[in-house]
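Novice: 3D, please:
(chains A and B)
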Amino acid sequence: MKAAILVFPGSNCDRDLQVAFERAGADVTMVWHKDDALPAGTDIVGVPGGFSYGDYLRCGAIAANSPITRSLKTHVERGGYALGICNGFQILTETRILPGALLRNAGLKYICRTVPLNVRTSDSDFTRGWAAGTELQIPIAHHDGNYQADAELLRELEGEDRIAFTYNDNPNGSSGDVAGVLSANRRVLGMMPHPERAADEALGGSDGRAMFTSLMTALVSA
Amino acid sequence: MQEPAITEELIASHGIKPDEYAEILKILNREPTFTELGIFSAMWNEHCSYKSSKIHLKTLPTTGPQVICGPGENAGVVDIGDNQAVVFKMESHNHPSYIEPYQGAATGVGGILRDVFTMGARPVAAMNSLSFGEVAHPKTRQLVHGVVEGVGGYGNCFGVPTVGGEVRFDPAYNGNCLVNAFAAGLADADKIFYSAASGVGMPVVYLGAKTGRDGVGGATMASAEFDDTIEEKRPTVQVGDPFTEKRLMEACMELMRTGAVISIQDMGAAGLTCSAVEMGDKGGLGIKLELDRVPCREEGMTAYEMMLSESQERMLMVLDPSKEAEAKAVFDKWDLDFAIVGETIPEDRFLIEHKGKVWADLPLSKLSSMAPEYDRPHVPTPAAAPLGDIPAVDPIDGLKALIGSVNYASRQWVYEQYDSQVMADTMRIPGFGAGIIRVHGTDKALAFTSDVTPRYVKANPVEGGKQAVAEAFRNLVASGARPLASTDNLNFGNPEKPEIMGQFVGAIKGIGQACTALDMPIVSGNVSLYNETDGQAILPTPTIGAVGLIDHVDHAITGLARDGHVALLVGETKGHLGQSALLAEVFGRVEGDAPHVDLAAERAAGEFILANRDTIRACTDLSDGGLALAAFEMAEASGVGVVLDDSDQGHLFGEDQGRYLVACNFDAAEALMVAAGQAGVSVTTVGKFTGDHVSMGGSSAPLAELSALYRGTFGEAFA
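Specialist: Numbers count the residues shown, from 1 in each chain, chains lettered A, B, ... in the order given. All right, here's what the predicted structure looks like:
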């Protein structure tokens, strides 16, 4: 599996995501935001957490217009895989690769906490490692993770089984408790929680690890 | 433009005393220009010159086989083996945080991060020690929200995990909150960068954010007492930009790898002045600056303003001219402003040119070597009156009073606003014991703690100073870490008052004794004096930040108590209730002497824990609130009840030092008893972890009820 991780100025979970991919056995290339092309043969693009360009405007809004993001869009349009975590999820919604929007947490405070997540579907190469209904303990760390979708969009996401994860104890006001969303072709996942922070037993939890091993299985055989 | 004439008022408004001005006249043999007066005020204020504290700081132990670089550089450097070093420091941003809490706290975090990466170390952990006034004071709520958001806003965006800290409340901080920020970074031990310039005619390069008028005179402001004109001081607070800091850090790391950096100094307090003088002074060189080249964000800035601006996220470096192309490529990659603003010169001069005119021409080395140094009069704090009778209180009611107080309730409301896990190496987040991070890519780990008990220091500065170090030692040991070294952030009132200076001198004495006995040399630090408003001083608050090494992650003590575990108390209990949390929170009495620290016993108890750390899987130190609070906190973190057999108030709530609470199974307890006998350390069984209640001396309450109180109190107080 060849993974490319986008690095924007202000990205700060890029190395964390790299480590998680590499531990699963992936071949990882870091791609600077001023580059205009992804490495040839990229299977999956990782869009990491952080504060791209400082996020002084709407979170992810400037990154959505960065040169490398055009290549990300092309990659996705061609059926390539992408995983956006935290700021990466915000960027994926800002580019409209994924539907919905992420607003300031309902409680207005930044929250860093390990929260229980419910795996809503195992029908994706991101979530195949878990049975639907599995409860995971995964950290969140964000100020703007309040996922907003109107009733129609929520119905559509539910109808197409595209809600990957929901919060068991909604920490941020997200519509329908949504914590992670899949694209229509199920090859793009955006999520606020950080599975890459829960991929190592030495750090007190490895509930997120199955995402990387499951991707590895899918993309090695692909 | 015409500079103002030098008048007595102008001199006084720069915080320069008449005898200090006389010294300036002697050095120059002429009247200083306005810009020169500003430079002297920046260099000679308390914050930058340590003029009241220097002669006492010199007595602190600062060396040891583990110390690579002690105080005097941007941060201390300590060996952690395998050619790796941990680089750390703690620094205050008290005055700015009181005036503008969000930006004051944010730029405090930014400043300390810069101190660490200036040395070539990537920041890997942050902590902060916060002291606020009483909850009921009208200013406290705004300060708590603003400071906590500012700390988080900066650290979270920059991308450093905040793994520990303290929060306290006392009316003595009503007019003067304290914000002490700590940062630690990792570097290769043979690739540390220092500030001493070398080579004549070398380019002095400015890197980072543009210079504005923010912070002009900030260091001078931080060296004065507050009064009711405080609102007028708001423009002297800087504004932080963590995004630029992150880019600046990454650019510095890349630049250092190119070999282009000869010396580097961040622009902190007193900005361009302090950083340029520091580089020249340490290198025995002069510096010439051409201010027309300084990147400015405001129009019409004068030499005076540029020299005194405290705009954030700026660095000054001496670069190897042969590596200019590599350096420029790095700056361009990160879109950072840079400019060659001057050069090193052979003669001892600090020469400032702007618009074709010389605005300052000073003997550079004299700016620091001739800085005033005072041995201010000091009187020892009188011995505390004996403690009067203390009525008995039901132990569960006593515990509820503690965990229902903002001083001892869970800090979850605070630490959840900080990213404690970015960088994906955090082994223990804040909440229960020292923060622990793994050294990236290795099996080693580092533990971090920050401690001080200001009411002890006030009652007995020497013992209080010892206790701050001892508690830091204990917190590190309880996580399985060998304490390595410490940093001190000494916050006191007006040093011109002999009783305040007495607190300072006493605390330094105690800190020095403890650092020596516990082998935790001071490798960096900061002094913040004049923490007074309208003559009311804060509690003396010498915050100790400390770092310990866990040689293998498997040796970290991060376990919790389980149902059926024995509760073992390590160390001697006498039942000292003077200055205790129980006395303050239940009876509103701040009385008696502070507990005394027997440093030999402290060391012995610590060595016992470390020697047996693979048997001890769950451990916490005893401090405020004694055995009762420690046992509750361990039970609460573990989700299991606890029964303590003793009902003696002093035994339950006494704050004797040198003690730990251990939870382990029966076999391990037996083994520890045997080991304790051989080591000559007191270990006694004090109860058991079991069930779902907390029971002490026959009184009992459901753990769930106590937990709700413990977790809810802080948030309710500031909702």
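Novice: CA only for contacts and neighbour counts going forward, please
Specialist: Fine.
Novice: can you pull the contacts of the residue nearest the centre of chain B?
Specialist: Residue closest to the mean C-alpha point of chain B, counted by Cα atoms, centre = their mean, is residue B:90 at 3.1 Å. Residue B:90 makes contacts with B:112, B:180-183, B:487-489, B:524-526, B:545, as judged by Cα atoms under 8 Å, 6 or more residues apart in numbering or on different chains.
Novice: how many neighbours does the residue of the stretch 251-400 of chain B found nearest chain A have?
Specialist: With Cα to the nearest Cα as the measure, residue B:334 is the residue of the stretch 251-400 of chain B nearest to chain A, at 7.4 Å. Residues contacting residue B:334 under the criterion other Cα atoms under 10 Å in any protein chain shown number 17.
Novice: separation between residue B:10 and residue B:46?
Specialist: Shown here: residue B:10 relative to residue B:46, a distance of 18 Å by Cα to Cα, to the nearest Å.
Novice: okay, these two: which has more neighbours?
Specialist: More neighbours surround residue B:46 than the other of residue B:10 and residue B:46, with 26 against 15 (other Cα under 10 Å).
Novice: wait, the more buried one touches residue B:40, no?
Specialist: No: the criterion here is Cα atoms under 8 Å, and residue B:46 misses it with residue B:40 at 11.7 Å.
Novice: so which bits of the stretch 51-200 of chain B are right by chain A?
Specialist: Counting by Cα under 8 Å from any Cα of the partner chain, the stretch 51-200 of chain B comes close to chain A at B:152, B:157-159.
Novice: for chain A, state which of the contacts of residue B:90 is nearest.
Specialist: Closest to chain A, out of all of those and judged by Cα to the nearest Cα, is residue B:183, at 17.0 Å.
Novice: contacting residues around the closest one?
Specialist: For residue B:183, the contacting residues are B:88-90, B:109, B:112-113, B:116, B:123-127, by Cα under 8 Å, 6+ apart.
Novice: just list whatever residues bridge to it.
Specialist: Under DSSP bridges, the beta-bridge partners of residue B:183 are residue B:89, residue B:126.
Novice: one step back: can you tell me which of the contacts of residue B:90 end up in helices?
Specialist: Using DSSP state H, the members of the contacts of residue B:90 that fall within helices are residue B:112.
Novice: low pLDDT regions in chain A?
Specialist: Applying pLDDT under 70 to chain A picks out residues A:221-222.
Novice: hmm, 90 instead?
Specialist: Within chain A, the stretches with pLDDT under 90 are A:36, A:201-205, A:220-222.
Novice: give me every residue in it lying close to chain B.
Specialist: With the criterion set to Cα under 8 Å from any Cα, chain A comes near chain B through A:9-10, A:12-13, A:15-16, A:50-51, A:53-54, A:109-113, A:141, A:196-197, A:202-204.
Novice: helix or strand with the lowest mean pLDDT in chain B?
Specialist: Counting by mean pLDDT, DSSP states H and E, the weakest-scoring helix or strand in chain B turns out to be helix B:218-221, with a mean of 62.
Novice: follow-up on the earlier one: tell me the one of the contacts of residue B:90 nearest residue B:475?
Specialist: Among the contacts of residue B:90, residue B:545 lies closest to residue B:475 (Cα to Cα), at 10.9 Å.
Novice: how many residues are close by the closest one?
Specialist: Residue B:545 has 34 neighbouring residues, counting by other Cα under 10 Å.
Novice: return the set of residues that bridge with it.
Specialist: Applying DSSP bridges, one finds that residue B:545 bridges with residue B:450, residue B:487.
Novice: confidence score at it?
Specialist: For residue B:545, the pLDDT comes out at 98.
Novice: now residue B:683: how far from residue B:677?
Specialist: Counting by Cα to Cα, the separation of residue B:683 from residue B:677 is 8 Å.
Novice: pull the residues that contact stretch A:207-219.
Specialist: A:1, A:20-21, A:24-26, A:43, A:125-130, A:136-138, A:194-200.
Novice: just the buried ones from these?
Specialist: Buried subset of the contacts of stretch A:207-219 (neighbour count, 16 or more other Cα atoms under 10 Å in any protein chain shown): A:1, A:20-21, A:24-26, A:43, A:125-130, A:136-138, A:194-200.
Novice: now, which of the residues you listed lie within helices?
Specialist: Cross-referencing the buried ones among the contacts of stretch A:207-219 against helices under DSSP H gives A:20-21.
Novice: on that earlier part again, tell me, how many residues neighbour the closest residue to the residue nearest to the centre of chain B other than its chain neighbours?
Specialist: Spatial nearest neighbour of residue B:90, excluding adjacent residues (Cα to Cα, 6 or more residues apart in numbering or on different chains): residue B:182 at 4.1 Å. Neighbourhood size, residue B:182 [other Cα under 10 Å]: 34.
Novice: so residue B:182 makes contact with residue B:87?
Specialist: No: judged on Cα under 8 Å, residue B:182 makes no contact with residue B:87 at a distance of 10.8 Å.
Novice: about what we covered before: could you measure from the residue of the stretch 251-400 of chain B closest to chain A over to residue B:327?
Specialist: Residue B:334 is 11 Å from residue B:327, by Cα to Cα.
Novice: what's the answer for residue A:218, then?
Specialist: For residue A:218, the distance to residue B:327 (Cα to Cα) stands at 43 Å.
Novice: for residue B:477, same thing?
Specialist: 43 Å.
Novice: next one: residue A:146
Specialist: Applying Cα to Cα to residue A:146 and residue B:327 gives a distance of 41 Å.
Novice: dump the residue contacts of the nearest residue to residue B:486 once chain neighbours are set aside.
Specialist: Distance criterion Cα to Cα, 6+ apart; nearest residue to residue B:486, sequence neighbours excluded, is residue B:546 at 4.2 Å. Residues near residue B:546 by Cα under 8 Å, 6+ apart: B:448-450, B:472-473, B:476, B:483-487, B:520.
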